[in-house]
Structure formats: C-alpha cells, structure tokens
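Student: Build me a model from this:
(chains A and B)
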Amino acid sequence: MAAVLGGCVTEDEFSNTPRGNFDALWEIVDEHYCFFGDKATEYGLDWRECRRRYSEMLLPDMSREQLFEVCSKMLDELRDGHVNLVAPFNTARYWDWHENYPVNFSDSLQRVYLGTEYRLTCGMKYCILPDNIGYIYVPSFEGSVGSGNLNAIFTYLRLCNGLIVDVRNNEGGLLTMAQDLAASFINDKTTVGYIAHKTGKAHDAFSAPEPVKLTPSEGMRWQKPVVVLTNRRTYSAANAFVMYMKDLPNVTILGDRTGGGAGMPYNNELPNGWKVRFSACPTYDIHMQSTENGIEPGRHVDMLATDFAKGEDTIIELARELLTTPEGTGEGE
Amino acid sequence: MLAPMLSVMAQERESATMFGVSGVTQWDTYLSNERYHGGGLTVASQISRPTHWMQRRLYVQHLTQGSLAIAEPRSDKHKTINGFFHWQVGWMYHFLASQESGAESGGWEMNAGAGVQTRLGFVYNTLGGNNPASARAAVNLIAMGQVRRHFELWRKPFMATLQADVPLTGLFFTPDYGQSYYEIFSLGHYSHNVQIVNSFRAFQTNVLFTLDCRLKARTALRVGYQGQFMQSKANGLKTQDFYHNVLIGFVRYM
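Tutor: Just a heads-up that it's a prediction; the model follows:
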C-alpha cells in the first residue's frame, strides 16, 4: 500500500557523492534563493554558468575538504551574508559586507560610556549619559523581549531628553524582537515595510509583497527624539529594525551604512548532512526598495582616530550633540 | 461461551485501547529535500457502539490517536520530531455477509459508512532557521469500510478485523512554496494556505488490521497493524508521513 501511495508523490534523491552533493546544493539554491534577479542586475550573476564552471572542479575521489571548498566558492558568487554552508569541520561564509569597511565600533570605548553600573535586560545594556541622554545598546535580536522588559527600560529612561539606540555590530536574530522594540516608538498601527516569498522554483516566481505592519506597544512608548547608531555589521534583523525606524518622525539614523541582509534565511541540507543556509524571503522598505545591500544613514559619520585617541566615540558624541541641540533633532527648524 | 461473539458490532459497545511502536518515513520539502526514517510511539482509543437507528444496524465509531516519533536522514546529522493528533468519527452500516454470522459458522461481517476525520500535527526539524517546523492540519470527509471474520482457534474465539478509511474530500493546511510561518502567524498573510483534498493534491488513508482473542466474557486481547499514509503535493511542496504501527491492547465489551 505504501509503495502504491508513495508512487504518487516522489522525487529522485541525489546520491551521497561529490557530484550528488554538489548538484543538491546547486538545486536547493536554484529553486529557493530569492535574490537572483537583483544579483543579475547588480553584477551579472549567472547561476547556471556558475554550475558549469564549478562542476568542472569535481572529481569522483575528491576529499570532503576539497568538495567543501568548491561548494563554498560557488556560494561566494551570491555575495550574500545570509548564505552559509555548514560542515562539521568548517563554515563557509561571505563577510565582505563588513570586512571590507571601517569597523566604526569599539567595545573599549563603549565601556567608557556605559561604565559599570549600567542596567541589563534581555541582553540590552542601558544607562543615562551625563547630559541626560538615554543610551541603549542592543547587541543582538536573538531571543525575545517582553513588554514588561521594555516598560522597565523606558520607565528608567523616561526623564531623558533624547535616546540613543545603538545597533552597531548587531548581526540580527528574530524579526519579532526587532518589531517589539520598534513598536515602542510608534503611536498608531504603521506600515514599516513589505515582505514577499517565492511561489515556485522559477527565479522570478514571487508573491505580491504584503505590508509589514507594526502595532504600537501597549506599554510605555517613547515620544522624544531618537538617534539610531549603525555600522556595516548592523545586519539582518538589525537591518530590518533600522528599516522600520528610518521613516518614523523624530528618528535619525547615524553612523555607517548598514550591512544589509534583507532576505529571511531558510535552511536545507545536502545528502552528506552539510547544512546550507540561504536568503529565501525578500523584504522591502516602505518605498518598496530592497535593503539587501544596506541602508544609508541619514547622517553618515565614521569614527575618527583622533577621537578614539581621546577616548571618545565619534558616532556617540555626534548623536549626543544632535539630541542636545534643537537644530540637531529638527525641533528648531 | 461463544454466544457473545455473534454480531458483536451491532449488539455491543466496544472500547479498545491500543499502544504501539511506529516505523516512520517522513519527507517535507519545505523543511529539507532529504527523507527521514525513524520510530516512535502511538496510543489510540477506538470506541464503537450501536445506535438506535436502522434496527441497531448503524453504529458509530470514534478513533482518537496521538503519535510521537523521531526520525533521521541518511546522513544521521539532523533529526525531525514528528507529532500528530488524529480524531475521527464515523457511522457504519452493519451488513451480514454470510447468512449465519458468528464464530460457530466462521461468519463474516461487513460494515461500511462515512465519517469526519481531523488531523493536527507538526514536524520540527533540528536544522533550525526560519523554516524549522511545518504544521499539519486537515479536515476530511471519509469513506469507511470494514470486514470482520469470526473463527475459532485453540478452542478460543477470535475475531479478525480489517478497516480502511479513505478521504472523499476535505481541506488541509500548507504554507506556500517559500512562505515563512512568520508571515502566516505573525503578520497574518494568507497565500493559498488552505487547499482542497483530492487525489492529486493530498491523499490520506488509514488501514487497521486487528486480531482480537476473547480472554473473558467482556474482555479481549487485541494485536494489530495500522498503516497511516498521508501525503500531499501543493504549492510546489511535497510531503509524506508514513506510519507503520504495531499495536497491542485490550478491548472491553459493554
């Protein structure tokens, strides 16, 4: 009976050989990756040509390390930080989105601002700076944050004149946590972007983008000026957080361009058990622009070596200046 | 002694509790291209009782079942945890295939009818990511058929039963090809997520073979095999959940 029924829904399996694993990897990406169109326009990516070129490097008796290198090189062609190949002995990754740019963050300098008496909730460090500016550092969106946690933070900071939300070096996590935090800065249900998904194997088979709407937090909501600090390692869910925030009133994005990562990643596996991760669901800002290659800040500023030598973080200092002068936040205009 | 076996279905309320071990084949291209094989446990309750309709020849049968299984792909590097809850109710008409149904004559019984079947379940894959799990949900109108054979062995009355349930139509849930559960449940975006059951999109059938040996006047030992075959092909996604269950339990007649 099972054989009869099984005959209705079948698919050939790839063999657990170098060729089988290579073909499985190529096909998984070919059928599910969501940025082929963008990459073809941007730098002429031809995924079929990649298969031809890299499959010539396959040998029946090649070692697993050699196969891993060939597969990794092929995945590098996607130039996507959300694309990984994970084997027990190595993880292939594409990190040019931040490795080729200034760091624009120093945890040593951050310690100067946070001190040792800072508060810590759900991984978020927060304190009140001497000029009565609130500072929250969000190192990751892994995990979750409850309304009680956010209430505690904003209650503590409620008398501050302005707020700095620092998402530098935040490489993402859960979109829901990014949304929960952003929901503390809106007063009405707000469309903050769009999301689509693939509807089939074709590279251009996508659903119509649907709005991502944020519902205001039921707890305390921040009404004063906000500066969001970014650098090239602001990626994935943190990039989405910046995308949600950038068009809100009273919000200034400051620092370096974000790293991007606008495709929600999915996982799959090869016959040999290696895990492959790839961008699967594209997201767009409220102007229907992809943020896969990052978001340009409202004010671009890099950390200066002279400031670093003085023990100052150029980006935090400029944020404080913006929040303590009416001109800086637009209130004086 | 053998009198209670006569026309059991039409005369008595029958309550069976069964425990079993499962051999599982699981495949869901939303989660992974690889097929997973493993094992698990299942527990089922099957209650049949005659109604007052059609000279008590129409009886109602409830089947409630829960299963949990763990499976691995050929690489053994990852796992899926599979769980489902199955409930169905059906009404079957009791035919007497032979003139003298019952153990003395080696009689046959035939029963047929229709019912409603619901299934809820999940497959969680340790691969993780934004597609770590897949939900199963279906409501089906089913056709039910049952054949029973009474016989005597080692001076004990036995009853062999073969039952098959096949969906006629229904509805089942599936994500769209590349749709995330974040879109479905956090954002409330619908994208062809409810599909109609037919032989092209989804097929779910349940085959149950049991052998009952009466130990006492109102108690029987039951052993059996259950095959549950569920598969779907919709939105470019393919799923298969095949369960082969070996069952043991007791039946109470009231």
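Student: Mind listing the residues bridging to the residue in the stretch 51-200 of chain A that chain B sits nearest to?
Tutor: Proximity to chain B, evaluated over the stretch 51-200 of chain A using CB to the nearest CB, is greatest for residue A:198 at 3.2 Å. To be clear about C-beta, it is placed using only N, CA and C from the backbone, and glycine gets the same treatment. Taking DSSP bridges as the rule, residue A:198 bridges to residue A:206.
Student: List the contacts of it.
Tutor: Shown in contact with residue A:198 (CB atoms under 8 Å, 6 or more residues apart in numbering or on different chains): A:32, A:34, A:205, A:206, A:207, A:280, A:281, B:177, B:178.
Student: Tell me the helix or strand right after the longest strand anywhere in chain B.
Tutor: Identified as the longest strand of chain B according to DSSP state E is strand B:133-153. Scanning forward in sequence from strand B:133-153 by DSSP states H and E, the next helix or strand is strand B:156-173.
Student: ok, back up a step: just the buried subset of the contacts of residue A:198, please.
Tutor: Buried by 16 or more other CB atoms under 10 Å in any protein chain shown: A:32, A:34, A:206, A:207, A:280, A:281, B:177, B:178, out of those.
Student: Strands of the stretch 101-250 of chain A, start to end?
Tutor: Counting by DSSP state E, counting those that start in this stretch, the stretch 101-250 of chain A has these strands, from start to end: A:119-121, A:124-128, A:133-137, A:162-166, A:190-195, A:210-214, A:226-230.
Student: Mean neighbour count, mean pLDDT and distance to chain B for those strands - can I get that in CSV?
Tutor: Putting these into CSV (neighbours: other CB atoms under 10 Å in any protein chain shown; pLDDT from 0 to 100; distance: least, CB to the nearest CB, whole Å) gives the following:
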stretch, mean neighbour count, mean pLDDT, distance to chain B
strand A:119-121, 14, 95, 22
strand A:124-128, 19, 96, 21
strand A:133-137, 24, 97, 23
strand A:162-166, 26, 97, 22
strand A:190-195, 20, 96, 6
strand A:210-214, 18, 96, 5
strand A:226-230, 29, 97, 22
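Student: So which of the buried ones among the contacts of residue A:198 sit within helices?
Tutor: Counting by DSSP state H, the part of the buried ones among the contacts of residue A:198 found in helices is residue A:32.
Student: Quickly check the buried ones among the contacts of residue A:198 for the two that are furthest apart.
Tutor: Of all pairs drawn from these, the greatest distance, 14.0 Å, lies between A:32 and A:207 (CB to CB).
Student: returning to what we had before: if we go by neighbour counts, what in the longest strand of chain B is buried?
Tutor: Neighbour counts using 16+ other CB under 10 Å place B:134-140, B:142-144, B:146-150 of strand B:133-153 among the buried residues.
Student: thinking again about what came up before, columns distance to residue A:65 on top of the buried ones among the contacts of residue A:198, output as CSV?
Tutor: Shown next, in CSV, are the buried ones among the contacts of residue A:198 (distance: CB to CB, whole Å):
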residue, distance to residue A:65
A:32, 26
A:34, 30
A:206, 37
A:207, 39
A:280, 28
A:281, 32
B:177, 34
B:178, 32
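Student: Return the residues of the stretch 1-150 of chain B in contact with chain A.
Tutor: Of all the residues in the stretch 1-150 of chain B, those in contact range of chain A (CB under 8 Å from any CB of the partner chain) are B:25, B:29, B:31-35, B:73-78, B:127-132.
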